[in-house]
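> build the 3D model from these lines:
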Amino acid sequence: MGSRLALATLALMAVTVNAQMPSSVRQLAEKAGVTAPIAAWCRGEFRAGQPGYALAAGGRYLVIEGRGGAVELGAFKDKPDLACYSRDEALKLHRDIQRSETLSGAVAPRFGTAVICGFIDATSAACWQYSPAEKAYVKVGSWTT
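Numbering: from 1, shown residues only. This is a model prediction of the structure:
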């Protein structure tokens, strides 16, 4: 029960998670080629100065930005659990994981932009962040409950 309470608290920190999805998000997803129903979404600044959206659709976590197609971050099983965190919020999440008796892992943002975290199965989460040097989304953390 403690780990679920901790996760619920962490979810409240997330930026714009799963509120009613604006039609502009659906339109942007369709333009990016996402045809599966969107099960979860959140908004963040994944590249400096460029807002975007992380989505859970068709068993995959994706990122869409105004400039093109969807980028796959990873797959998930069962029901998605997705959150976008500012760098400061991601660092707080890391501290909370380190203090927890029931969570194990780390989140180590490498850049000043938002971090995307999602549960890939019932007990394991992964986090990603855009790397300007690699011109790709890279894994910057994970944890298990």
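
> which SS state does residue 140 fall under?
strand (DSSP: H, G, I helix; E, B strand; the rest coil).

> per-residue pLDDT, it?
Note on residue 140: pLDDT of 98.

> can you report how many residues lie near the spatially closest residue to it that is not a sequence neighbour?
Spatially, and ignoring its direct neighbours in sequence, residue 140 is nearest to residue 129 (4.6 Å; Cβ to Cβ, 6 or more residues apart in numbering). C-beta here means a position set from N, CA and C on the backbone, and glycine is covered the same way. Neighbourhood size, residue 129 [other Cβ atoms under 10 Å]: 25.

> next: residue 124.
Residues lying near residue 124 (other Cβ under 10 Å) number 14.

> likewise for residue 24?
Applying other Cβ under 10 Å, we find 9 residues neighbouring residue 24.

> who's in contact with residue 136?
By Cβ atoms under 8 Å, 6 or more residues apart in numbering, the residues touching residue 136 are residue 130.

> again, but for residue 82
Applying Cβ under 8 Å, 6+ apart, we find residue 82 in contact with 17-18, 40-42, 54-56, 61, 116-118.

> quick one: buried ones out of the residues you listed?
Buried members of the contacts of residue 82, counted by 16 or more other Cβ atoms under 10 Å: 17-18, 40-42, 54-56, 61, 116-118.

> just name the closest of those residues to residue 34, please.
Nearest to residue 34 among these: residue 55, at 6.6 Å, using Cβ to Cβ.

> I'd say the closest one and residue 40 touch.
Yes - under the criterion of Cβ atoms under 8 Å, residue 55 makes contact with residue 40 at 7.2 Å.

> picking that back up, want to throw the contacts of residue 82 into TSV with pLDDT?
Below are the contacts of residue 82 laid out as TSV (pLDDT from 0 to 100):
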residue	pLDDT
17	43
18	45
40	95
41	96
42	96
54	97
55	96
56	97
61	98
116	98
117	98
118	97
